[in-house]
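Asks: no FASTA, just this:
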């Protein structure tokens, strides 16, 4: 097979390109900008374009297909040339389905927890020497790439994103996989640039349920009332398996699952992660993993990348960073840290970075989401408004939206860093939450200063 990738530098795109190169396919690619770690990883496999930019000469009738990245626009010259020549154009989720048609497909969706549940399933299967392909949205310890595609693996584990497939395919990605086992972890409004109302967003999960293959299985969080309604309304002929929080205890800062008389020590914590564990357990059961095998393996799971990642700790303080950015994720993450360390105060920082979180209309969804923090901080880089082409707003707008008069607001990273390092952190934890990068702030150096 000879395939060309338009916008090969994307996170999922470059991993898919590498996976197909490993499979023996001939791969070329292009992009207008490729940053790390994509550039080094593509170079390692001989896939880094020799020059940046678009070149219509890369598109020809000898191609078996073109895979179009989400960041390529509808007027991309290579895309237009492919359409002109009649070369088949796929979005990457379409091509993942093409590669997994003959496999059992597990598709893990939901507004939160997708990456963690997918990671847990992969961790348990690997620990039990199971052969499987996968697509996951983060680089995981023990796995070389975020995508693996082989001929022989009987199963594919797919993180099912609800965002759009490509510039010319406006369907959510998880509609295209046709799951045999589907998971929905919960529904909390997001991506308002694409789904302007909660009803629009919720409808995508109804459609996802309808795409599950006949006699397939839906595993869903029964503690989410809106999700339960959506599941009950579905007429698809599938098995529906609800899950909740398993029995557990917290002892001396550690969380243990209770499995009969056995206590299973975990390296992750928080109600949201306990829900994720139960979702992963149901998936693994559907793939033939016994309860004993699951509990044995899950004890060594340290968490997905950037999800409640411990940056450092001493006897009085712990510093965590987390990918949380939506209101529901904020609440879940703050609650997890507070419950895990009931004797400590919490300093919590959220960087508003995504289109949805910066949109003034959506901002009110954050009401009371930071109330459980003892010191609550919101940071916005003013340049992000400009980049997202959104109208800037001030500190009062943020405080009103969060319904929290105690909120601290910063739009200068140096002043934020100075504020965080002047706090006496003894008896306090620091939680840094963002899907961005805190304007390049050195979090490891910050952690050292906080702990010292």
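Replies: Cool, got the structure. This one's a predicted model, so the numbers in the text were calculated from it and none came from an experiment. Numbering: from 1, shown residues only.
Asks: now do the closest residue to residue 159 other than its chain neighbours, the pLDDT please.
Replies: In space, not counting the residues next to it along the chain, residue 159 is nearest to residue 118; the distance is 4.4 Å by Cβ to Cβ, 6 or more residues apart in numbering. Every residue, glycine included, has its C-beta placed from N, CA and C. pLDDT, residue 118: 97.
Asks: next one: residue 358
Replies: Residue 358 is given a pLDDT of 87.
Asks: tell me the phi and psi of it?
Replies: Backbone torsions for residue 358, taken as degrees, to the nearest 10, come to phi -90, psi -10.
Asks: could you do residue 181 as well?
Replies: phi -120, psi 120.
Asks: surely it is in contact with residue 217?
Replies: Yes - the pair residue 181 / residue 217 is scored as a contact, 4.9 Å apart, by Cβ atoms under 8 Å.
Asks: out of these two, which sits in the busier spot?
Replies: residue 181 (25 against 20; other Cβ atoms under 10 Å).
Asks: what about the more buried one, distance to residue 210?
Replies: Distance, residue 181 to residue 210, using Cβ to Cβ, to the nearest Å: 15 Å.
Asks: and the most centrally placed residue in the chain, helix, strand or coil?
Replies: Taking Cα atoms, centre = their mean, the centroid of the chain lies closest to residue 115, which sits 4.6 Å from it. Three-state call for residue 115 (DSSP: H, G, I helix; E, B strand; the rest coil): helix.
Asks: residue 310: which element?
Replies: Here residue 310 sits within strand 309-313, counting by DSSP states H and E.
Asks: circling back to that earlier point, now do the shared contacts for residue 181 and residue 217.
Replies: Residues touching both residue 181 and residue 217 (Cβ atoms under 8 Å, 6 or more residues apart in numbering) are residue 286.
Asks: in the stretch 201-350 of the chain, mark out all the strands, start to finish.
Replies: Applying DSSP state E, counting those that start in this stretch to the stretch 201-350 of the chain gives strands spanning 217-221, 239-243, 248-251, 254-259, 262-265, 309-313, 318-322, 345-351.
Asks: quick check: which of these is nearest to residue 409?
Replies: Closest to residue 409 of these is strand 345-351 (Cβ to Cβ; 10.8 Å).
Asks: which neighbouring elements make contact with that closest one?
Replies: Identification of packing neighbours for strand 345-351 by 3 or more Cβ pairs under 8 Å, 6 or more residues apart in numbering; DSSP states H and E yields helix 327-340, strand 375-379, helix 413-422, strand 428-433.
Asks: so after the shortest one, what's the next helix or strand?
Replies: Downstream of strand 375-379, the first helix or strand assigned by DSSP H and E is helix 382-388.
Asks: show residues contacting that next one.
Replies: Residues contacting helix 382-388 (Cβ under 8 Å, 6+ apart): 352-353, 355, 358, 391-392, 411, 436.
Asks: what's the helix or strand for residue 119?
Replies: Here residue 119 is assigned to helix 114-127, by DSSP H and E.
Asks: now do the buried residues in that helix.
Replies: For helix 114-127, the buried set under the neighbour-count rule, 16 or more other Cβ atoms under 10 Å, comprises 114-127.
Asks: one step back: which other helices and strands does the strand holding residue 310 contact?
Replies: Against strand 309-313 (3+ Cβ pairs under 8 Å, 6+ apart) you get strand 318-322, helix 443-451.
Asks: quick one: the last one to strand 309-313, angle?
Replies: Okay, so that is helix 443-451. Going by axes from the mean of the first three to the mean of the last three Cα atoms, to 10 degrees, helix 443-451 is angled at 40 degrees with respect to strand 309-313.
Asks: report the angle between helix 443-451 and strand 428-433.
Replies: Using the same axes, to 10 degrees: helix 443-451 against strand 428-433 is 160 degrees.
Asks: which residues touch the closest residue to residue 110 other than its chain neighbours?
Replies: With sequence-adjacent residues excluded and distances taken as Cβ to Cβ, 6+ apart, residue 110 is closest to residue 185, at 3.0 Å. Neighbouring residues of residue 185 by Cβ under 8 Å, 6+ apart: 108-114, 117, 221, 275-276, 279.
Asks: now with 6 Å, please.
Replies: Residues near residue 185 by Cβ atoms under 6 Å, 6 or more residues apart in numbering: 110, 113, 221.
Asks: pretty sure the first one sits against residue 182.
Replies: Spelled out, it's residue 110. No - using Cβ atoms under 6 Å, residue 110 is not in contact with residue 182, being 10.1 Å away.
Asks: so those two - more neighbours on which side?
Replies: Taking neighbours as other Cβ under 10 Å, residue 110 and residue 182 compare with residue 182 leading, 29 against 25.
Asks: are we agreed that that one is in a strand?
Replies: Yes - per three-state DSSP, residue 182 lies within a strand segment.
Asks: can you pull the buried residues of stretch 132-147?
Replies: So, applying 16+ other Cβ under 10 Å, buried residues of stretch 132-147: 132-140, 143, 145-147.
Asks: go through the residues you listed and name the one nearest residue 169.
Replies: residue 135 (16.8 Å).
Asks: OK, contacts around residue 265?
Replies: Neighbour list for residue 265: 256, 299 [criterion: Cβ under 6 Å, 6+ apart].
Asks: what sits opposite it in the beta ladder?
Replies: With DSSP bridges as the criterion, residue 265 is bridged to residue 256.
Asks: where does it land on pLDDT?
Replies: On the pLDDT scale, residue 265 gets 96.
Asks: same thing with residue 368?
Replies: Looking at residue 368, its pLDDT stands at 95.
Asks: helix, strand or coil for it?
Replies: On the basis of three-state DSSP, residue 368 is classed as coil.
Asks: average pLDDT across the host helix or strand of residue 170?
Replies: Using DSSP H and E, residue 170 sits within strand 169-172. Regarding strand 169-172, the rounded mean pLDDT is 94.
Asks: isn't the residue nearest to the centre of the chain right up against residue 304?
Replies: Yes - using Cβ under 6 Å, residue 115 is in contact with residue 304, at 4.8 Å.
Asks: hey, what's in contact with both of those two?
Replies: Contact with both residue 115 and residue 304 is made by residues residue 138, according to Cβ under 6 Å, 6+ apart.
Asks: domain map for this protein?
Replies: Per automatic domain parsing, the structural domains of the chain span 2-87, 95-298, 309-451.
Asks: buried sites along the lengthiest helix in the chain?
Replies: Longest helix of the chain, by residue count under DSSP state H: helix 271-286. Using 16+ other Cβ under 10 Å as the test for burial, helix 271-286 gives 272-286.
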